[in-house]
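Colleague: generate coordinates for the sequence data below:
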Amino acid sequence: QVRLVQSGGGLVHPGGSLRLSCVASGFSFNTHAMNWHRLAPGKGWEFVGVINSAGDGANYTDSVKGRFTISRDNAKNTLYLQIDNLKPDDTATYYCNFIRGPETYWGQGTQVTVSS
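Modeller: Sure, this is the predicted structure:
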């Protein structure tokens, strides 16, 4: 059974940092690219970024470039999203996910709230 279990998140002040984690099980983690998306109230879904299966290449949406870093530890079956210099517009629920064939598998989501 595929599982993506997320942790991290919380309430932070503008300019702060957070690290989100996503622990994978039930599939070959090290053979799949992994994505992060976010869903903000009233804004809809936004692709945040993707990392390749080896962990040596990542791409990001323009709004987060230079502040967000996606990494992975294939030995631990864990995906990370390091978020620095947080802005109020980063307030959202963040989801890890991957695609296998016709299916997209999602983590349960973790809330990030940026507020002073």
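
Colleague: tell me who's in contact with M34.
Modeller: Counting by Cβ atoms under 8 Å, 6 or more residues apart in numbering, M34 touches 22, 24, 50-51, 70, 72, 79, 96-98. Where C-beta positions appear, they are placed from N, C-alpha and C, glycine not excepted.

Colleague: and the closest residue to G109 other than its chain neighbours, how many residues sit next to it?
Modeller: Closest residue to G109 apart from its sequence neighbours, by Cβ to Cβ, 6 or more residues apart in numbering: T93 at 4.5 Å. Per other Cβ atoms under 10 Å, the neighbour tally for T93 reads 17.

Colleague: and T93, which of the three is it?
Modeller: Three-state call for T93 (DSSP: H, G, I helix; E, B strand; the rest coil): strand.

Colleague: show me the beta-bridge partners of it.
Modeller: L39, Q111 (DSSP bridges).

Colleague: residues contacting it?
Modeller: T93 touches 38-40, 109-112, counting by Cβ under 8 Å, 6+ apart.

Colleague: need the max-distance pair from those.
Modeller: The span of those, defined through Cβ to Cβ, is set by A40 and T110 at 13.4 Å.

Colleague: for the residue positioned nearest the centre of the chain, which non-adjacent residue is closest in space?
Modeller: The chain has W36 as the residue nearest its centroid, 3.5 Å off, counting by Cα atoms, centre = their mean. Of all residues not flanking W36 in the chain, V48 sits nearest, at 4.0 Å (Cβ to Cβ, 6+ apart).

Colleague: might one say that that neighbour is in contact with D62?
Modeller: No. Using Cβ atoms under 8 Å, V48 is not in contact with D62; the gap is 11.0 Å.

Colleague: neighbour-wise, which of A40 and T110 wins?
Modeller: Taking other Cβ under 10 Å, A40 and T110 do not tie; T110 has more neighbours (22 against 15).

Colleague: what residues are up against that one?
Modeller: T110 neighbours (Cβ under 8 Å, 6+ apart): 6-9, 20, 93-95.

Colleague: among the residues you listed, which one has the lowest pLDDT?
Modeller: Within the set of the contacts of T110, pLDDT is lowest for G9 (91).

Colleague: all good on my end, thank you.
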